[in-house]
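**Student:** sequence and predicted structure are below.
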Amino acid sequence: MQMKESLSDEPSVIPALHQWETEMVNLFTGVANMFGFRKSVGSIYGYMFCQEEPLHLEAIMKRLGMSKGTVSQGLSFLRKAGAVRLTYVPGDRREHFVPETSLKRLVSGFLRDQIHPHLESGEDRLQNLEEIIRTSDQDVPKFMEDRMMRLRSWQKQAKMLLPFVQKFLDAKI
């Protein structure tokens, strides 16, 4: 059992997670870390993934021993990414969440919210770099022009690849 100080300075007991809940949390924490997301996001999703019933913010806070701000930010991120969604629980006015369990939807959300924005901002950066090279009053070394061509090629390939990934997800998952 873990002990956690409450706001009233009286200790509250947080029951230890079951072994399989702990392993699920660890699994998704590792996945979140691999993609550069906060560990708390992986912990929240992992815990929710192994629950049969919808969960509200306070239940997640209590079970994982996280602050309200951490859980709220994590749920907000997960909702935006399409990894969790709101659900109605009759007789309870609190917001309840359930995890998305479709790999297709999870990957589609990741592509939409993480990859596409980076490609778009990359396009702007490439245009800025090309403008710098074009307006430079110094001779631009050949290797810099070659590198810019390489970056343009990568950008074009990535933009062409994403629709195929999406189509593959639609067909296979």
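**Tutor:** Perfect, I can see it now. Just so it is clear, the model here is predicted, and its values are computed rather than measured.
**Student:** just the helices in this protein please.
**Tutor:** Counting by DSSP state H, the segments of the chain that form helices are 19-34, 39-49, 57-64, 68-80, 103-110, 116-135, 142-172.
**Student:** how about Arg94: what's its closest non-neighbour residue?
**Tutor:** His56 (4.2 Å; CB to CB, 6 or more residues apart in numbering). C-beta: built from backbone N, CA, C; applies to glycine.
**Student:** what about that neighbour, how many residues nearby?
**Tutor:** Other residues near His56 come to 16 when the count uses other CB atoms under 10 Å.
**Student:** that one: what's it in contact with?
**Tutor:** Val89, Asp92, Arg94, Glu95, His96, Phe97 (CB atoms under 8 Å, 6 or more residues apart in numbering).
**Student:** low-scoring stretches of this structure, by residue?
**Tutor:** Counting by pLDDT under 70, the low-confidence segments of the chain come to 1-15, 169-173.
**Student:** mind listing the residues bridging to the residue nearest to Arg94?
**Tutor:** Beta-bridge pairing for His56 (DSSP bridges): His96.
**Student:** follow-up on the earlier one: buried deepest among the helices of the chain, which one?
**Tutor:** Counting by mean count of other CB atoms under 10 Å, helix 39-49 has the highest mean neighbour count of these, with a mean of 23.
**Student:** what is that one packed up against?
**Tutor:** If you count contacts as 3 or more CB pairs under 8 Å, 6 or more residues apart in numbering; DSSP states H and E, helix 39-49 packs onto helix 19-34, helix 57-64, helix 68-80, strand 96-99.
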